[in-house]
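> Next input, structure requested:
(chains A and B)
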Amino acid sequence: MIKVEGLTRKYGAFTAVDDVSFVAEPGRVTGFLGPNGAGKTTTMRVMVGLTPATHGHVTIGGHLYQDIPNPGLHVGVLLDASAQHAGRTGREILTLGAKTMGLPASRVDEMLELVSLSDTEAKRRLRNYSLGMKQRLGIAHALLGDPSVLILDEPANGLDPAGIRWMRGLLKGYAERGGTVLLSSHLLHEVEIIADEMILIGRGKIVAQGSKEALLADADHSTTLVTSLDNDLLGKALEHKGYGVSAAGSGLRVDAAPVDVGRVAADNTIVLTDLRSADGGLEDLFLALTSETQRDVLPEGAQA
Amino acid sequence: MSSTGMSSTGALGQIDIHANPPVPMSRLVQVEARKAMDTRAGRWFAVSILGLVLVVEVIYALVAEDFDKDYSDFLSIAGGVLGYFLPILIIMLVTSEASQRNGLVTFTLEPRRPRVVVAKFVAGLVLAVGVMVMGAVMALLGTLFGIATGGSPEWSVDANLFFNGFVLANVIGVFIGFAIAMLLMNTAAAIVGYFAYSLILPIAVGILAALSSWFEGVAPWIEFNTAQTPLFMGDYQPSGEEWAQIAVSGTIWLIIPLVLGTMRLLRIEFK
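Next up, the predicted model:
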């Protein structure tokens, strides 16, 4: 279990992390989601003692990271897969980790096999690795000590679709066996498919947290995309009810919730071929919640 | 995962910190020593130093007068060459944590940084002793080559000279390299800094001393290389004043950088 309490980290006048509190529970994958520079990495760095907190603290399994003896056996960490000596082979990097933790050399082979790095690949030097291979090696390094907690910063970065699917299975299985997983990403879809819980962060502050369902339940569904066999009639009926209607592709965009649109269609016995909420689900929610922290101003109504 | 695992987590995701002992210092030292040798750069640098020692020994055997071909002569040459390059091996061991960014992993696996500092230092000394032993062997080969080129060497070595000129001088060099490395935390800058200290500084001080008799008196107090010179002069015993000069200049160039460098390493944010 990871418990972040009132964590603040300032660099001079700049506040990278601003009074952040959340809990990552065992048995669940917690996604840490936010745009670039939102404070995800800084929060994770404070967790493992690489960066001191200005206020607040983080405990892992009830202890400060610095107080856990031989922490590699309890907490698996991947902060930056490229942060390794470029002149070392993949196998050597894992060997150094295994030796520090006091693990047998066989553990290195097990981990290489787990992340599907072949013998030849393991003998190559890190500078010749693709980003995806570095990520696999980094995940292998994090899992070396068979930890109960995993802290992974952008682990899916650089993985191909098959690799992302593999990682999803790996982390789900890991959480099902009782492990705690915290993974960060700036890509919503990545987190959406892996995480049970989500923490949304923007400009150092947590803007929302909860399960995907809970987060979506809070979002208001006030715009609907609808297509019917008689769009003209449906449009008139909706306008008659006082809803704003505009053409959108082969259908209509209506300023009303899907249930209201469906009711109008039923009243007028119009056959609907498509009816859905026009807000992009979590993505719109995410963009809305972090809008003031976005670097890029999105055009009105744009779907990212 | 192949193992059943996660035995370290009890109820409510708590970690039992008594489940396993801390990483023993001996293991940290082993890992640090391994890190100095497990890259091409590190390995070839060590081999190159020894190769250079051998080359210099052979050249010396060819050009020196026959009565200057004692083992102690060859030993002091080996010591001189090592003195210039051994600290660089230590510098690379320390600065790679930041330059190559593996400090992220090093200080995550052992967040108690003072222990890593100690481990690196001990590993550096172990490596230095290893290279010195090899250097003494090179000196032996040089002496044998000296016989082949007409020398009839004296094999005995003055213990005092051996310790001061070969062991102590190189250990001081390792300390200095360690201090500069921690202070600058950048491989290139630290190597430049080390050569500025060991090559440029003595020349600059020498020139100033030649121009000003006042500065000539001050120089051995503030310039560590100059202050150490009495250590390497045959069976000469440094006087009380000379020891004091070593202590004062050593404080300036060794103790202060070592303290500041350690403080920096303990606080620096490895990115």
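
> next helix or strand past the lengthiest helix in chain B?
Ordering each helix of chain B by length in residues (DSSP state H) puts helix B:113-148 first. Per DSSP states H and E, the first helix or strand lying C-terminal to helix B:113-148 is helix B:159-161.

> if you average pLDDT over that following helix, what comes out?
In this model, helix B:159-161 has an average pLDDT of 77.

> Show me which residues of that helix are buried.
Judged by neighbour count using 16 or more other Cβ atoms under 10 Å in any protein chain shown, the buried positions of helix B:159-161 are residue B:161. The C-beta positions use only the backbone N, C-alpha and C, and glycine is treated the same way.

> swap in stretch A:11-21?
For stretch A:11-21, using 16+ other Cβ under 10 Å, the buried residues are A:15-18, A:20.

> Over to stretch B:30-49?
In stretch B:30-49, counting by 16+ other Cβ under 10 Å, buried: B:30-33, B:35-36, B:38-39, B:42, B:45-46, B:49.

> tell me which of the residues you listed is nearest to chain A?
residue B:39 (3.8 Å; Cβ to the nearest Cβ).

> residue contacts, that closest one?
A:85, A:87-88 (Cβ atoms under 8 Å, 6 or more residues apart in numbering or on different chains).

> now it, nearest residue through space, not along the chain?
residue A:87 (3.8 Å; Cβ to Cβ, 6 or more residues apart in numbering or on different chains).

> so what's residue A:51 up against?
A:9, A:42, A:45, B:269.

> Distance check, whatever residue of the stretch 151-271 of chain B ends up closest to chain A against residue A:38.
Shortest the stretch 151-271 of chain B-to-chain A distance, computed as Cβ to the nearest Cβ: residue-wise this is residue B:269, at 5.4 Å. According to Cβ to Cβ, to the nearest Å, residue B:269 stands 18 Å off from residue A:38.

> Measure how far the lowest-mean-pLDDT helix or strand in chain B is from the centre of its chain, please.
Lowest by mean pLDDT, DSSP states H and E among the helices and strands of chain B is helix B:159-161, with a mean of 77. Here helix B:159-161 is found 20 Å from its chain centre; the criterion is Cα atoms, centre = their mean, to the nearest Å.

> after it comes which helix or strand?
Using DSSP H and E, the helix or strand that follows helix B:159-161 towards the C-terminus is helix B:169-184.

> and that following helix, is it in reach of chain A?
No: judged by Cβ under 8 Å from any Cβ of the partner chain, helix B:169-184 stays clear of chain A, getting no closer than 15.4 Å.

> pLDDT averaged over that helix - what is it?
pLDDT averaged over helix B:169-184 gives 90.

> for whatever helix or strand comes next after it, packing partners?
Downstream of helix B:169-184, the next assigned helix or strand under DSSP H and E is helix B:187-195. Secondary-structure packing of helix B:187-195 (3 or more Cβ pairs under 8 Å, 6 or more residues apart in numbering or on different chains; DSSP states H and E): helix B:71-99, helix B:169-184.

> Next, the angle helix B:113-148 makes with the longest one.
Orientation check (axes from the mean of the first three to the mean of the last three Cα atoms, to 10 degrees): helix B:71-99 against helix B:113-148 gives 150 degrees.

> And the strands in the stretch 201-304 of chain A, which stretches?
A:205-211, A:224-228, A:245-248, A:251-254, A:272-277 (DSSP state E, counting those that start in this stretch).

> Partner strands of the fourth one, with direction?
Pairing partners of strand A:251-254, with direction, according to DSSP bridges: strand A:224-228 (antiparallel), strand A:245-248 (antiparallel).

> what does it rub up against?
Contacts for strand A:251-254 (Cβ under 8 Å, 6+ apart): A:223-228, A:231, A:234-235, A:238, A:243-247, A:261, A:274, A:278.

> Can you say which of the residues you listed are buried?
Looks like these have A:223-228, A:231, A:234-235, A:238, A:243, A:245, A:261, A:278 buried, using 16+ other Cβ under 10 Å.

> burial count for residue A:198?
22 (other Cβ atoms under 10 Å in any protein chain shown).

> Can you give me the distance of the closest residue in space to residue A:61 that isn't next to it in sequence to residue B:64?
Leaving aside its chain neighbours, residue A:61 sits nearest to residue B:15 (2.8 Å; criterion: Cβ to Cβ, 6+ apart). Distance of residue B:15 to residue B:64, computed by Cβ to Cβ: 65 Å.

> So for those two, which residue has more residues nearby?
A count of neighbours by other Cβ under 10 Å puts residue B:15 above the other of residue B:15 and residue B:64, at 25 against 18.

> Kindly confirm whether my reading is correct that that one touches residue A:68.
Yes: the pair residue B:15 and residue A:68 passes the contact test of Cβ atoms under 8 Å, sitting 6.1 Å apart.

> just to revisit the earlier point, how far does the longest helix of chain B sit from the chain's center?
That offset, for helix B:113-148, works out to 9 Å (Cα atoms, centre = their mean).

> what mean pLDDT does that helix have?
Mean pLDDT, computed over helix B:113-148, is 92.

> again with stretch B:85-101
Stretch B:85-101 carries an average pLDDT of 88.

> Does chain A have contacts with that stretch?
Yes: Stretch B:85-101 lies within reach of chain A by Cβ under 8 Å from any Cβ, at B:96, B:100-101.
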